[in-house]
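Participant: got a structure for you, letters missing:
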Ligand code: S3P
């Protein structure tokens with residue numbers, strides 16, 4: 001039979017996880033490095049295929065790479081791409097890349113694989129056009145996306161209805177190239193990595209808790225030490241939470257408030273969670289986390305917390321199976337527009353393992369039925385679904401077979417080996 005079979009550790013484990021470099025920060029360091037004039041040094045880039053897509057994009061623009069050094073002459077010197085830019089599976093590459101390129105006078109077209117070609121890009125159009133860019137999507141508002149600036153961009157003030165870091169960041173990368181200041185506002189909960197870095201560089205400032213001003217200017221060539229990815233570490237944290245007494249410690253992981261909603265969800269469900277900020281990269285907090293498994297119970301996740309735990313919501317479905325009572329996720333309709341329809345895929349995952357789940361318009365409900373049976377899970381071509389299925393195996397009564405397991409390479413190529421190594425540490 002095809003697929004990868006995962007068998008849980010059988011008893012409580014206790015170990016350290018070295019999380020791979022943060023994907024969101026890796027994309028941003030690469031693009032800001034390309035916008036700088038000079039050499040930026042980027043250590044600890046995320047190892048997955050998504051980050052490789054952004055790395056390829058900046059090389060296409062003429063950025064010279066030697067080891068961890070990225071030499072750019074700034075946007076004015078970027079080479080117009082001679083063909084369509086392939087962003088693979090990476091929505092962040094396409095959306096942030098489109099924002100950066102929307103400030104250039106030449107036309108760039110960005111496209112991706114079948115999954116990315118189903119994802120909504122219409123959300124970029126309004127904000128970028130307010131700055132004076134021309135943005136064209138397919139007739140259904142999906143990739144390919146073409147962008148250019150027919151005249152130098154001008155500043156604009158924009159409010160978006162979606163709490164999307166990708167749209168905010170795309171806008172900011174374009175607005176940096178405008179002739180005057182700009183402002184973007186949205187509902188709360190978003191990861192504010194781009195805003196924190198621009199503030200640190202003197203290129204932006206908060207106007208309210210959610211509204212951010214962008215001042216056009218030169219991005220400095222600087223050094224980026226990319227911390228560990230909390231969205232990757234979350235698979236280990238949740239795995240520990242499923243086994244009373246199991247413990248995982250992670251150091252040097254991004255603790256941006258828009259990333260660590262899962263820690264709040266874990267604490268609400270009864271896990272023991274400790275986190276401490278120990279450091280920062282250009283104003284963005286980094287620290288350590290320890291999660292200890294305890295008996296779990298259901299919880300409700302909505303609005304701001306759903307955004308701050310957005311990429312981890314499939315894991316909340318897994319937690320819901322193990323927790324006593326009901327777990328409800330709402331205000332998360334955008335989950336339908338991720339690498340898969342993650343509402344449908346999470347419900348399918350739970351049901352495939354013998355659990356009870358129902359989709360709703362903007363989330364899902366899972367009924368705690370105790371340890372799942374094991375079974376066969378389809379990854380739906382989505383790394384976070386495949387990896388959540390592996391975590392569901394932590395204390396399942398039988399093995400979990402994951403069809404399409406290799407998609408984990410989008411964010412964490414050595415995921416299954418690293419998880420199994422963690423499970424065998426005592
Ligand atoms: C990301 C923002 C989130 C997240 C995605 C990465 C980013 O998407 O789901 O995996 O790096 O800005 P949205 O901004 O579309 O909510």
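Facilitator: Great, that's in hand. Given the structure is predicted, the values throughout are model-derived calculations rather than measurements.

Participant: quick one, grab the pLDDT at residue 2.
Facilitator: We have a pLDDT of 80 for residue 2.

Participant: count of neighbours near it?
Facilitator: Per other C-beta atoms under 10 Å, the neighbour tally for residue 2 reads 9. Backbone N, C-alpha and C define where each C-beta goes, glycine included.

Participant: now residue 321
Facilitator: Neighbours of residue 321 (other C-beta under 10 Å): 25.

Participant: does it count as helix, strand or coil?
Facilitator: Look at residue 321: counting by DSSP: H, G, I helix; E, B strand; the rest coil, its state is helix.

Participant: now it: closest residue in space, sequence neighbours ignored.
Facilitator: residue 355 (4.2 Å; C-beta to C-beta, 6 or more residues apart in numbering).

Participant: I'd say that neighbour and residue 366 touch.
Facilitator: Yes: between residue 355 and residue 366 a contact is recorded at 6.6 Å, counting by C-beta atoms under 8 Å.

Participant: who has more neighbours out of those two?
Facilitator: Legend: neighbour count by other C-beta under 10 Å for residue 355 and residue 366, higher for residue 366 (28 against 25).

Participant: quick check: residues of the stretch 1-150 of the chain near the ligand?
Facilitator: Selection of the stretch 1-150 of the chain residues close to the ligand by C-beta under 6 Å from any ligand atom yields 24, 92.

Participant: just the strands in the stretch 1-150 of the chain please.
Facilitator: 4-6, 14-17, 37-43, 64-66, 69-73, 85-86, 108-111, 134-136, 145-148 (DSSP state E, counting those that start in this stretch).

Participant: and residue 386, that one's in a strand?
Facilitator: No: applying three-state DSSP, one finds residue 386 to be helix, outside a strand.

Participant: ok, it - contacts?
Facilitator: By C-beta atoms under 8 Å, 6 or more residues apart in numbering, the residues touching residue 386 are 377, 379, 402, 404, 405, 407, 408.

Participant: quick one: mean pLDDT for stretch 158-168?
Facilitator: Mean pLDDT, stretch 158-168: 98.

Participant: any bit of that stretch sitting next to the ligand?
Facilitator: Yes: Stretch 158-168 reaches the ligand (C-beta under 6 Å from any ligand atom) through 164, 165, 166.

Participant: so which of these wins on neighbours?
Facilitator: With neighbours defined as other C-beta under 10 Å, the most crowded of the residues of stretch 158-168 next to the ligand is residue 165; it has 25 neighbours.

Participant: right, and that one touches residue 192 too?
Facilitator: Yes: counting by C-beta under 8 Å, residue 165 touches residue 192, with 7.2 Å between them.

Participant: which positions in the stretch 201-350 of the chain make contact with the ligand?
Facilitator: Residues of the stretch 201-350 of the chain found near the ligand (C-beta under 6 Å from any ligand atom) are 310, 311, 334.

Participant: mind redoing it with 5 Å?
Facilitator: 310, 311 (C-beta under 5 Å from any ligand atom).

Participant: where do the helices sit along the stretch 201-350 of the chain?
Facilitator: All helices of the stretch 201-350 of the chain, identified by DSSP state H, counting those that start in this stretch, fall at 230-241, 261-269, 303-308, 313-322, 342-352.

Participant: what residues do residue 165 and residue 192 have in common as contacts?
Facilitator: In contact with both residue 165 and residue 192: residue 258, using C-beta under 8 Å, 6+ apart.

Participant: next, format the residues of stretch 158-168 next to the ligand as a markdown table and append secondary structure.
Facilitator: Formatted as a markdown table, the residues of stretch 158-168 next to the ligand follow (three-state DSSP):
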| residue | secondary structure |
| --- | --- |
| 164 | coil |
| 165 | helix |
| 166 | helix |
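
Participant: next one: residue 125 from the ligand, what distance?
Facilitator: Going from residue 125 to the ligand by C-beta to the nearest ligand atom, to the nearest Å gives 15 Å.

Participant: how about low-confidence regions in the stretch 201-350 of the chain?
Facilitator: Residues of the stretch 201-350 of the chain meeting the criterion pLDDT under 70: none.

Participant: which among the residues of stretch 158-168 next to the ligand gets closest to residue 229?
Facilitator: Residue 229 has its nearest neighbour among these in residue 165, at 14.4 Å by C-beta to C-beta.

Participant: do you know how far the nearest residue to residue 351 once chain neighbours are set aside is from residue 8?
Facilitator: The shortest distance from residue 351 to any non-neighbouring residue, by C-beta to C-beta, 6+ apart, is to residue 357 (6.0 Å). Taking C-beta to C-beta, to the nearest Å as the measure, residue 357 falls 20 Å from residue 8.

Participant: so for the two, which residue has more residues nearby?
Facilitator: Neighbours were counted for residue 357 and for residue 8 using other C-beta under 10 Å; residue 8 has more, 25 against 21.

Participant: and the pLDDT for that one?
Facilitator: 96.

Participant: can you report phi and psi for it?
Facilitator: In terms of degrees, to the nearest 10, the main-chain angles of residue 8 are phi -70, psi 170.

Participant: let me see the domain layout of this protein.
Facilitator: 4-21+227-423, 23-222 (automatic domain parsing).

Participant: in the stretch 1-150 of the chain, what residue comes closest to the ligand?
Facilitator: Nearest to the ligand, among the residues of the stretch 1-150 of the chain, is residue 24, at 3.3 Å (C-beta to the nearest ligand atom).

Participant: so can I have TSV of the helices of the stretch 201-350 of the chain showing distance to residue 19?
Facilitator: Converted to TSV, the helices of the stretch 201-350 of the chain look like this (distance: least, C-beta to C-beta, whole Å):
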stretch	distance to residue 19
helix 230-241	4
helix 261-269	13
helix 303-308	18
helix 313-322	14
helix 342-352	21
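
Participant: of all these, which one is nearest residue 206?
Facilitator: Across the helices of the stretch 201-350 of the chain, closest to residue 206 is helix 303-308 (C-beta to C-beta), at 16.8 Å.

Participant: now that closest one: buried residues?
Facilitator: 304, 305, 306, 307, 308 (16 or more other C-beta atoms under 10 Å).

Participant: contacts only, for the closest residue to the third one other than its chain neighbours.
Facilitator: Nearest non-adjacent residue to residue 306, counting by C-beta to C-beta, 6+ apart: residue 332, 4.3 Å away. For residue 332, the contacting residues are 301, 306, 307, 310, 313, 343, 362, 363, taking C-beta under 8 Å, 6+ apart as the criterion.
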